[in-house]
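1. sequence and computational prediction follow.
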Amino acid sequence: MDAASLAVFIAIFGHAEWHSNLLRFTARVWHVFVTYNAGSTSPGFVSSILFSLLGVVVLAIYIAHTKGRKALKDHMIESFALAVFGIVTVVFIVYGTQFAWQVAKVGYEDHKTLAAKVDSLEGEKSHMVDPMGRDSTIADLKDKLRESQSQLASRKKMMFIGDPVFDNTRKILTAFQSYRIMSKGQRCVVYITAPSQSSIATIFAEFSNSVSGCSTFGPSVRVNPDLDEETTSGMISGVVLIHALRGDAAANRVEEALSGTIPLERSYKPLSNAFPHYQDQGTGELVLWLQFGPDVRWTSDRSTTGK
């Protein structure tokens, strides 16, 4: 053992706080060592060595019993010594090198794990607020909060070009204005159904009533078994079905104008005549039925949330 190794050995064992860590490290190395070499536990590994020694002892007893002690003394002492020497040599050369390898391997793995933890802590530290700049960071956050509150207050009172709500509103107005133009003065009805209270369906009804020039009905909240059945029959979750006669250019123009605003599908299913939906139903009026399914959302909402 050279001077450097001796100095390290003395340094380790000279500090009491290192003893527990050294014992834990040695126990971990031993566990890996016996598992790798014996596929067992410590008793299993030691038992394999003791079994070899026991074989030598049993052979000596057998010779002493059959050939006498003199024969044992003449022939077995040397043989016994050689057997013991061979076992010890195998233990130190074969298993000793394996144990040394496991010491290096476990030490490296511990170092690797510790280095990974240090890197993780350094990464977390980079996201922490520097105490030296804490006051500045807090001031910046307060400024951003005031700006956000100001923007929110402004958007409660007016729409801003570029906001999704502005584009959605513009397309709804365009759609119902186009329906009024394409209907060419013909008496028309916009009929809106939804399976439950829907804020989007209500918005469509409000704009239709003021822009399309058509009589607008719905979305109804009254309890009507016939209406409830027609409202839910054939509806698609998350989709608005546009029901109108095949070849209805006004309805086609509404579909085109609303494209990209909400999920749409075209249908040619007419309103049922089993019960009256509105006054003078079926007297030649142009009918646009917007059937909202459950969970209809603006396309801008889905793209924002990634759904």
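-> Right, received. Where do you want to start? Numbers count the residues shown, from 1 in each chain.

2. low-scoring stretches of this protein, by residue?
-> Counting by pLDDT under 70, the chain contains low-confidence ranges at 1-23, 25, 27, 29-65, 67-96, 99, 101-102, 123-133, 220-223, 302-307.

3. show me where it has helices.
-> 3-13, 16-38, 42-71, 77-90, 96-126, 134-157, 164-182, 199-211, 225-232, 249-258, 299-305 (DSSP state H).

4. residues contacting S154?
-> F160 (Cβ atoms under 8 Å, 6 or more residues apart in numbering). For every residue, glycine as well, the C-beta is placed using N, CA and C.

5. distance check, the residue nearest to R253 when sequence neighbours are not counted against A251.
-> Of all residues not flanking R253 in the chain, S178 sits nearest, at 4.4 Å (Cβ to Cβ, 6 or more residues apart in numbering). Counting by Cβ to Cβ, to the nearest Å, the gap from S178 to A251 is 10 Å.

6. the two: which is more packed in?
-> Legend: neighbour count by other Cβ atoms under 10 Å for S178 and A251, higher for A251 (25 against 20).

7. thought that one was touching L258?
-> No. Judged on Cβ atoms under 8 Å, A251 makes no contact with L258 at a distance of 10.9 Å.

8. what's the domain layout of this structure?
-> Listed by automatic domain parsing, the domain ranges of the chain are 3-121, 164-305.

9. mind listing what M182 touches?
-> M182 touches 249-250, 253, counting by Cβ under 8 Å, 6+ apart.

10. now do H111
-> No contacts exist for H111 under Cβ under 8 Å, 6+ apart.

11. for it, give its distance to L152.
-> Look at H111 and L152: by Cβ to Cβ, they are 52 Å apart.

12. ok, back up a step: between S178 and A251, which contacts overlap?
-> Joint contacts of S178 and A251 (Cβ under 8 Å, 6+ apart) do not exist.

13. counting neighbours, what do you get for S198?
-> 20.

14. that older thread, just the buried members of the contacts of M182?
-> When the contacts of M182 are checked for burial by 16 or more other Cβ atoms under 10 Å, the buried set is 250, 253.

15. so which of the contacts of M182 is the closest to V106?
-> R253 (75.4 Å; Cβ to Cβ).

16. the closest one and Q177 touch, don't they?
-> No. The criterion here is Cβ under 8 Å, and R253 misses it with Q177 at 9.8 Å.

17. quick check: closest non-adjacent residue to N273.
-> Closest residue in space to N273, ignoring its immediate chain neighbours: G282 at 6.1 Å, by Cβ to Cβ, 6+ apart.

18. tell me the phi and psi of S183?
-> Main-chain torsions, S183, degrees, to the nearest 10: phi -70, psi -20.

19. that one and T169, how far apart?
-> The spacing between S183 and T169, counted by Cβ to Cβ, is 22 Å.

20. go on, Q279?
-> 30 Å.

21. these two: who's more crowded?
-> Each of Q279 and T169 has its neighbours counted (other Cβ under 10 Å); T169 has more, 15 against 9.

22. contacts only, for that one.
-> 159, 207.
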